[in-house]
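I need the structure of the sequence given here:
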Amino acid sequence: MLKDHRITTISSIVSLASNENGIELNDTRTSNDNHSIGLHTSCFREKCNSITSCFHQLVKRLACLNLEQRGSERISPEDRTDLTIINTAIIWISANLIIPCFAGGTLGPAVFKLSLYDSFATIIFFNLLGTIPVAAMACFGPASGLRTMIFSRYSWGYYGASIISISNVIASIGWAAVNSITGAQTLRVVFNDSLPIAVGIIIIAIISMIVSFIGYKWIHAYERYSWIPVFIGYCILAGVGAKYFTNSGMVSYNTTIPINSSHRLKVSRILSFGATCFGASISWCACSADYNTYFPEDTSQLKIFLLTYFGNLLSMIPIQLLGAATYTGTYTSEKWNRAYEKNNVGGLLGASLSSLGGFGKFLLILFALSTIACNIPNIYSLSLSAQVIAPIFKRIPRFLYTVIGTALYILLAIVAASKFNDSLASIMGVSSYWFAIFIVIVFEDHLFFRRCSFKNYNFDIWDSYQLLPISLAAILSGIVGIVGIILGMSQTWFNGPIAKAIARDTDAQGADVGFEFGFIFTAVSFPLFRLIELYFVQR
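Next up is the predicted model:
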């Protein structure tokens, strides 16, 4: 102790050394400042470590619930023991047999004023396309053991993947809000409008949070069976309501009936509705690998692709077709039209099942709770994406992000509930925009620069920013893609010049081709930027 004091005393009385310019080199004030900064940094680190330690203790206490403790880190090959590959299809069947997909189908005739047959053709075609990247992305899970956002680091780079993760968190919150609104609207009908929308949203959100909170195994267990009664319910709905379905709009009950329009106007509306359908189907590509990471490395890529593709396709298309067909009942039934105007999709479902009495209300409760099956993967993947944003975010356990995400989308859902159709169309359309940029960079890197072989990846460097791409090529390509999106997008709040040019003066909103132009601009620019990046940086 005395020795330390002596050193300090001597250092305080030594004359200040200066360089040839007279600048003091051993200024004790500078040393003290640096020492103070060091103390503050040390204290900050100690606080972070203390908080992290508390989180770890909480995780241990919750272990009795079979809680998934692993976050965004890679699943090692020896831990990949899940052999129930059929779950790859079932989880998407459950996630898509929900009211929001039904509501998405109603947008064709309700918002874009398309006939029933035009709506059918648009739904089928754009879902056939939109599901392809979802199935392809799912194949990366077993091969790498990495979650989708982590895997994107190999094409987007460490920092580029952080930007994409933020976008995915926002999209997940938006979709969860939309899902909760539709469920709450339906519950409101069950209780004869006495249940506030906000209460219904909270009920659905809390149940969704509980399953997402626990993790992978419980999610698969829930999704394995939840779709069966819902599927039976929609079959009953189709049988009861079929007599009201029509392709003709020659009635006076509904003010949004399709009108005879020019060929250019029809094309404009088909493209806009197609963008919403595409956005709904492709939105799963940002998390489709998350649910396959526990499968062994040698799992058949073809099986994963086909099960994911048809699991999405055979659930998404029928439910959207039923939504479009059921909406046409507002053309032939004044009761259905009034119910839709009052409570949107929930009211429409209530009116179509009213002839079944108490059993009809039971089906409404079933449909309302079906939205939970979609919210669960949304919030689970949100929690994984949040950990990818920055290193400090990994200190917070995955399950706590489900709580934070749930609170955020409850608030958003309550605010957006009053303008549901606009909210749904916007989230479906905007989702397709950023997913267009995301998928083209991931797949071009895999096809052209990795030569479609997982042997050209080093999965051990998944968390090393020094060895991963520097992100410059992906970010610049993304900016170019955004330019394309702005030129072609058409939303209620903005119309790009190309969207206006396609529709000309025939439609105030224009044709939404933001996805197509964003895809093309990114696809052309990324290989060029990536070649330049590899030439100078070589990683």
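
CA atoms for contacts and neighbours, from now on please.
OK.

So in the chain, which helix runs the longest?
helix 153-190 (DSSP state H).

Following element in sequence after that helix, please.
helix 197-214 (DSSP states H and E).

what comes into contact with that next one?
By CA atoms under 8 Å, 6 or more residues apart in numbering, the residues outside helix 197-214 that reach it are 65-68, 180-181, 183-185, 187-188, 218-219, 222, 369, 371-373, 375-377, 379-380, 399-400, 402-403, 406, 410, 413-414, 417.

Phi and psi next, for residue 357.
phi 60, psi -130 (degrees, to the nearest 10).

tally of neighbours for residue 538?
Residue 538 has 12 neighbours, counted by other CA atoms under 10 Å.

distance of it from residue 521?
Separation of residue 538 from residue 521 (CA to CA, to the nearest Å): 24 Å.

do the same with residue 156
Residue 156 is 16 Å from residue 521, by CA to CA.

who has more neighbours, the two?
Taking other CA under 10 Å, residue 156 and residue 521 do not tie; residue 156 has more neighbours (28 against 21).

Report the mean confidence score over the strand or helix carrying residue 118.
Assigned by DSSP H and E, residue 118 belongs to helix 116-138. For helix 116-138, mean pLDDT is 94.

Would you mind listing the buried residues in that helix?
Using 16 or more other CA atoms under 10 Å as the test for burial, helix 116-138 gives 116-120, 122-124, 126-128, 130-138.

Same question for stretch 349-365.
For stretch 349-365, by 16+ other CA under 10 Å, it's 349-353, 360-361, 363-365.

related to what we said a few turns ago, compute the inter-axis angle for the longest helix of the chain and helix 197-214.
If you take axes from the mean of the first three to the mean of the last three CA atoms, to 10 degrees, helix 153-190 sits at 140 degrees to helix 197-214.

how about helix 153-190: buried residues?
153-162, 164-190.

With stretch 235-242 instead?
By 16+ other CA under 10 Å, the buried positions in stretch 235-242 come out as 237-238, 241.

Any chance of those in CSV with secondary structure as columns?
What follows is the buried residues of stretch 235-242, written out as CSV (DSSP: H, G, I helix; E, B strand; the rest coil):
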residue, secondary structure
237, helix
238, helix
241, helix
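
can you map out the strands along the stretch 351-500 of the chain?
Secondary structure of the stretch 351-500 of the chain (DSSP state E, counting those that start in this stretch): strands located at 490-491, 494-495.

and the ones you listed, which is most packed in?
strand 490-491 (a mean of 23; mean count of other CA atoms under 10 Å).

what's the spacing between residue 107 and residue 83?
As judged by CA to CA, residue 107 and residue 83 stand 39 Å apart.

which of those two has more neighbours?
residue 107 (24 against 11).

The more buried one is in contact with residue 272, isn't it?
No: in this structure residue 107 lies outside contact range of residue 272 using CA atoms under 8 Å: 10.3 Å.

low-scoring stretches of the protein, by residue?
The model of the chain has pLDDT under 70 over residues 1-70, 213-218, 248-262, 420-429, 431, 503-510.

Tell me which residue lies nearest the centroid of it.
residue 172 (3.9 Å; CA atoms, centre = their mean).

Contact partners for that residue?
Residues near residue 172 by CA under 8 Å, 6+ apart: 378-379, 381-382.

how about these in a markdown table, adding distance to residue 94 and neighbour count?
Shown next, in a markdown table, are the contacts of residue 172 (distance: CA to CA, whole Å; neighbours: other CA atoms under 10 Å):
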| residue | distance to residue 94 | neighbour count |
| --- | --- | --- |
| 378 | 13 | 27 |
| 379 | 15 | 30 |
| 381 | 16 | 30 |
| 382 | 18 | 28 |
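
Which of those sits closest to residue 147?
residue 381 (8.7 Å; CA to CA).

Dihedrals phi and psi, the residue nearest to the closest one when sequence neighbours are not counted?
Spatial nearest neighbour of residue 381, excluding adjacent residues (CA to CA, 6 or more residues apart in numbering): residue 287 at 6.1 Å. Dihedral pair for residue 287: phi -140, psi 0, per degrees, to the nearest 10.

Test my guess that residue 287 contacts residue 148.
Yes: using CA under 8 Å, residue 287 is in contact with residue 148, at 5.5 Å.

On the three-state scheme, residue 331 is what?
Going by three-state DSSP, the secondary structure assigned to residue 331 is helix.

how close does it sit to residue 340?
Using CA to CA, one gets 11 Å for the distance from residue 331 to residue 340.

Who has more neighbours out of these two?
The residue with more neighbours, out of residue 331 and residue 340, is residue 331; 24 against 20, by other CA under 10 Å.

any idea how far the more buried one lies from residue 345?
Counting by CA to CA, the gap from residue 331 to residue 345 is 15 Å.

Repeat that for residue 316.
Counting by CA to CA, the separation of residue 316 from residue 345 is 17 Å.

what's the answer for residue 456, then?
Residue 456 is 48 Å from residue 345, by CA to CA.

same thing with residue 106?
8 Å.

What count of nearby residues applies to residue 446?
18.

Report the separation between residue 145 and residue 87.
Residue 145 is 17 Å from residue 87, where distance means CA to CA.

Just the C-alpha atoms of stretch 469-481, please, in PDB.
What follows is stretch 469-481, C-alpha atoms only, in PDB (Å, rounded to 0.1, in the frame of the first residue of the first chain):
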ATOM      1  CA  PRO A 469     -18.500 -10.300 -45.600                       C
ATOM      2  CA  ILE A 470     -18.200  -6.600 -44.800                       C
ATOM      3  CA  SER A 471     -21.800  -5.900 -45.900                       C
ATOM      4  CA  LEU A 472     -21.000  -3.200 -48.300                       C
ATOM      5  CA  ALA A 473     -22.200  -5.000 -51.400                       C
ATOM      6  CA  ALA A 474     -25.500  -6.100 -49.800                       C
ATOM      7  CA  ILE A 475     -26.200  -2.700 -48.400                       C
ATOM      8  CA  LEU A 476     -25.500  -0.800 -51.600                       C
ATOM      9  CA  SER A 477     -27.600  -3.400 -53.600                       C
ATOM     10  CA  GLY A 478     -30.400  -2.900 -51.000                       C
ATOM     11  CA  ILE A 479     -30.300   0.800 -51.500                       C
ATOM     12  CA  VAL A 480     -30.600   0.300 -55.300                       C
ATOM     13  CA  GLY A 481     -33.500  -2.100 -54.700                       C
END
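
Right, I'll leave it there.
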